[in-house]
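Participant: pasted the sequence and its predicted model underneath.
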Amino acid sequence: MDISSGFTDTSSPTSRPRVRFAPSPTGFLHVGSARTFIFNWLYARSHGGTMILRLDDTDVERNTEASVSSIFDGLKWLGLGWDEEYKQSERLALHRQTAERIFQRGLAYRDFTPAHTGDSEKSGAQGTWLFNPGMRELSPAESDRRAAAGEPFALRFRVPRDGLQVRFVDAVYGEQAKLAADIEDFALLRSDGMPTYHLASCADDADLGISHIIRGQDHLTNTFKHVLIFEAAGAKPPQFAHLPLLVAPDGTKLSKRRHGPVVSVTTYRDAGFLPEAFINFLCLLGWSPKNDREQMSLQELTAAFSLEGINRANAVVNFKEPATTPEGTFDPKAVWLNAEHIRALTVEDLSARLLPVVCAAGFNVEPARMLRVTPLIRERIKLLRDAVTAADFFFVDQLPPYDSAELIPQKGDAAMALKVLQRAREVLAGVEFKHDPLDGSLRAAAQELAIKPGQMFQPIRVAVCGRKNAPPLFETLEVLGRETTLARIEDAIRKLQ
RNA sequence: GGCGCUAUCGUCUAGGGGUUAGGACGGAAGAUUCUCAAUCUUCAAACCCGGGUUCGAUUCCCGGUAGCGCUACCA
């Protein structure tokens, strides 16, 4: 008889799914984990379900507090939140009870073999890797005797060795089947009594009433073991949905060691990504709304999300391998999406997000001023950080030094630049500092000097901005004001003389 | 090695027995413009290979190849 699950969806249409994100605190939150969190969250929200955060911290050796706070930092930035929170290390009693129940049913056995020291004899004689010979067949009496004598043991699942097929249906990968004979007698309890990931995870999933397990595809083959555990523990396995993995351009799975900080969520935060843009980007990796939509708000994503839209092939996060320049390393699509989301923000909202970034860069900026500058740079920045270089001249008293040759307009010379600036000084002393009057008077001045408007504007632009590429001139002058403008033109004239 | 999964432009993807194989990012060219952006237009760019099935396969099946995953008293 086959052990199977998931062939029928017994959940009624009205039942609320319960999903969980279960990171193990052994490192920072990386982008693949973030995407798993997001997909779970989206599924829960789009079905009126419950999102659960569970720290899978059964590996005492490798867990760190720093990792816990790093994961919370990342999740907090995403801003999605969750409904319930658990820590596996606080649920050990449940895990042991579950192990005991499985053992009592004869579906697990004690393995007194000393813990493996390494990868040793895995590829040895065929079949021997499946279990430790001798232990599986130990008589109950002998097993009890050695246990009573205090001999340490690991508890192993007694995987059926007949022709049994373990089956489940994956919402993404379809029907899955595997011969139990190809599954090793995996451990449930370590010799120190601590549960393994497989046991703790299944025991908790059952106990917490998890209805859908949405996780990385690296767990696809583990799921056969999990189905075995659920059944042995007398629990109905939940629905499964495995997500294609996020990989680096070289095809290998993302790792900080190999690929650097681009795999950490906080790197995106610190570079000035909008969380909603980052979420949008991650959603497009391995999932598609199938309608050519790309830029989507969280509401739109929630409405569009479905397990059917998830595809099966690994997705490359297309960052540049040598993580040299911070901005140049990100996937160009992520950067583009961020720019799209920036433009979708109201000026007030964008301004409020820009302010702390600019202040953190060392500029002393009033909120009111930021609000006036924001419309001038919003189409010129892709990451929030870009505001620092795009708008610096609005925030300083003294312009940083620039080459006076920059003041010379196209097809002109220093004499023309000087003439332009001197005329501009006169004009700007009298005109009202509003877009239209500035436009009109400066164009008129160009005509008087018999030069093109561009030749008139460029020296002024460089004089007030300190560089050639900048926001539109009249709006810029408006924000800068007469005093600053005239002072900077004065400086420019001095540079030319 | 064993077992499992996957394969459409450089990247993310849509599609699906008969299509000019669609979109997006990035790239190139052009338009617009006071510079830069933004915007608009255009262009280049893909069905891994081999067998079947079929009137017809990129699509369905099988095999190969490649990549990835699991194969721990890690998760």
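Facilitator: Cool, got the structure.
Participant: what about the lowest-mean-pLDDT helix or strand in chain A and RNA strand B, touching?
Facilitator: One helix or strand of chain A scores below all others by mean pLDDT, DSSP states H and E: helix A:256-259, with a mean of 80. No - using CB under 7 Å from any atom of the strand, helix A:256-259 stays clear of RNA strand B, coming no nearer than 10.7 Å. The C-beta positions use only the backbone N, C-alpha and C, and glycine is treated the same way.
Participant: ok, residues contacting that helix?
Facilitator: A:27-28, A:30, A:248, A:252, A:263-264, A:319, A:321, A:323 (CB atoms under 8 Å, 6 or more residues apart in numbering).
Participant: dump the residues you listed to JSON lines, plus secondary structure.
Facilitator: Formatted as JSON lines, these follow (DSSP: H, G, I helix; E, B strand; the rest coil):
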{"residue": "A:Gly27", "secondary structure": "coil"}
{"residue": "A:Phe28", "secondary structure": "coil"}
{"residue": "A:His30", "secondary structure": "strand"}
{"residue": "A:Ala248", "secondary structure": "coil"}
{"residue": "A:Thr252", "secondary structure": "coil"}
{"residue": "A:Val263", "secondary structure": "helix"}
{"residue": "A:Ser264", "secondary structure": "strand"}
{"residue": "A:Phe319", "secondary structure": "coil"}
{"residue": "A:Glu321", "secondary structure": "coil"}
{"residue": "A:Ala323", "secondary structure": "coil"}
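Participant: list buried residues within those.
Facilitator: A:27-28, A:30, A:248, A:263-264, A:319, A:323 (16 or more other CB atoms under 10 Å).
Participant: low-confidence regions, the stretch 101-250 of chain A specifically.
Facilitator: Where the stretch 101-250 of chain A drops to pLDDT under 70, the residues are A:116-129, A:131, A:133.
Participant: all strands of it, in order?
Facilitator: With strands called from DSSP state E, counting those that start in this stretch, the stretch 101-250 of chain A shows them at A:108-111, A:154-157, A:165-170, A:174-179, A:187-189, A:212-216, A:239-243, A:246-247.
Participant: how about those in CSV, adding distance to RNA strand B and mean neighbour count?
Facilitator: Converted to CSV, those look like this (distance: least, CB to the nearest atom of the strand, whole Å; neighbours: other CB atoms under 10 Å):
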stretch, distance to RNA strand B, mean neighbour count
strand A:108-111, 6, 24
strand A:154-157, 4, 24
strand A:165-170, 8, 20
strand A:174-179, 5, 13
strand A:187-189, 3, 24
strand A:212-216, 8, 22
strand A:239-243, 8, 23
strand A:246-247, 6, 20
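Participant: could you dump those strands to a markdown table with distance to A:Val227?
Facilitator: Output for these, formatted as a markdown table (distance: least, CB to CB, whole Å):
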| stretch | distance to A:Val227 |
| --- | --- |
| strand A:108-111 | 15 |
| strand A:154-157 | 11 |
| strand A:165-170 | 5 |
| strand A:174-179 | 9 |
| strand A:187-189 | 14 |
| strand A:212-216 | 11 |
| strand A:239-243 | 9 |
| strand A:246-247 | 25 |
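Participant: contact partners for A:Glu478?
Facilitator: A:Glu478 touches A:433-435, A:438, counting by CB under 8 Å, 6+ apart.
Participant: helix, strand or coil for it?
Facilitator: helix.
Participant: tell me the phi and psi of A:Leu55?
Facilitator: Torsion angles at A:Leu55 (phi, psi; degrees, to the nearest 10) stand at phi -80, psi 110.
Participant: one more: A:Leu285?
Facilitator: Backbone torsions of A:Leu285, given as degrees, to the nearest 10, read phi -100, psi 100.
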